[in-house]
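Colleague: how would this look folded up:
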Amino acid sequence: MADPKHPAAPWRNFYGRRKGHTLRGSQQAYLAEDLATLSPGPVDWDVNPDRRKLDLAARFGDRPVWVEIGFGGGEHLVHQAALNPHVAIIGAEPYINGVAMLLGRIRAAGVDNLAVHPGDARDLFDVLPDASVGRAFLLYPDPWPKARHHRRRFVTPDHLAPLARVMAKGAAFRIATDIPDYVRQTLEEVPRAGFTRVEAPLHDPWPDWTRTRYESKALREGRTPHYLTFRRD
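Modeller: Sure thing, here's the model as predicted:
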């Protein structure tokens, strides 16, 4: 089914929230003043209906490109940007309150190697060149715990196939979750999409990890974090 505003666009169901509580004045200012300048380039269908690929070299120079899918409040994204100033990192997040939180963190940290797509990661994948991403992060994604909703999870072919296309050979795909059944589905679906798991202790975080608010909540509520790494075949 086509999007009535953009007939060439595929119909993509979106099940999460796009906006929560009313934004503070400072957050509204971040969105008005900073968001446009942090764009990775033309992503949305209304500005790029032909789905032209982004010119990453023009936007980021010779920096390797990483992607974080659903960055929440942006803690990890800014942490990685500060640790890796030689890398350009694109964050995709449709929840505008999280985007506003990220923009505040970017100002506070003073990092200049981030770009932000305030929307569905699949639209970003449409316009990323093949094999252009050197690392991807999926951290505490929405668990959709009911069995009938498992098809909404990110670790399904609708999301994994376009992600696999844009990732370079040998690129790392990191996933963190506190939901054992999400681990099960991840281990089933991600290898089918063209990835091989990197064997490592399931409960040991990565050396450059920083705890996010979602992980802190999981620990407070007695759930155990799991950390998985895959390599693009």
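Colleague: Could you use CA atoms for every contact and neighbour count after this?
Modeller: Noted.
Colleague: How many neighbouring residues does residue 37 have?
Modeller: 11 (other C-alpha atoms under 10 Å).
Colleague: Return the per-residue confidence for it.
Modeller: As predicted, residue 37 sits at a pLDDT of 94.
Colleague: Equivalent analysis for residue 3, please.
Modeller: Residue 3 is given a pLDDT of 54.
Colleague: Next: residue 14.
Modeller: 52.
Colleague: Counting residues, which strand of the protein comes out longest?
Modeller: With secondary structure taken from DSSP state E, the chain has its longest strand at strand 167-177.
Colleague: next helix or strand past that one?
Modeller: Counting by DSSP states H and E, the element after strand 167-177 in chain order, helix or strand, is helix 180-192.
Colleague: Buried residues in that next one, which are they?
Modeller: By 16 or more other C-alpha atoms under 10 Å, the buried positions in helix 180-192 come out as 182, 183, 186, 187, 189, 190, 191.
Colleague: quick one: that helix to strand 167-177, angle?
Modeller: 170 degrees (axes from the mean of the first three to the mean of the last three C-alpha atoms, to 10 degrees).
Colleague: ok, residues contacting helix 180-192?
Modeller: For helix 180-192, the external contacting residues (C-alpha atoms under 8 Å, 6 or more residues apart in numbering) are 143, 155, 156, 157, 160, 177, 196, 197, 226.
Colleague: Let's see which of these end up in strands.
Modeller: 177, 196, 197, 226.
Colleague: from those, which is closest to residue 148?
Modeller: Closest approach between the ones in strands among the contacts of helix 180-192 and residue 148, by C-alpha to C-alpha: residue 177, at 19.3 Å.
Colleague: For the residue lying closest to that closest one once chain neighbours are set aside, give me the pLDDT.
Modeller: Using C-alpha to C-alpha, 6 or more residues apart in numbering and skipping residues adjacent in sequence, the residue nearest residue 177 is residue 140, 4.6 Å away. In this prediction, residue 140 carries a pLDDT score of 95.
Colleague: Over to the one 10 residues further on?
Modeller: For residue 150, the pLDDT comes out at 83.
Colleague: swap in residue 40?
Modeller: In this prediction residue 40 is given a pLDDT of 97.
Colleague: ok, how many other residues are close to it?
Modeller: By other C-alpha under 10 Å, the residues close to residue 40 number 22.
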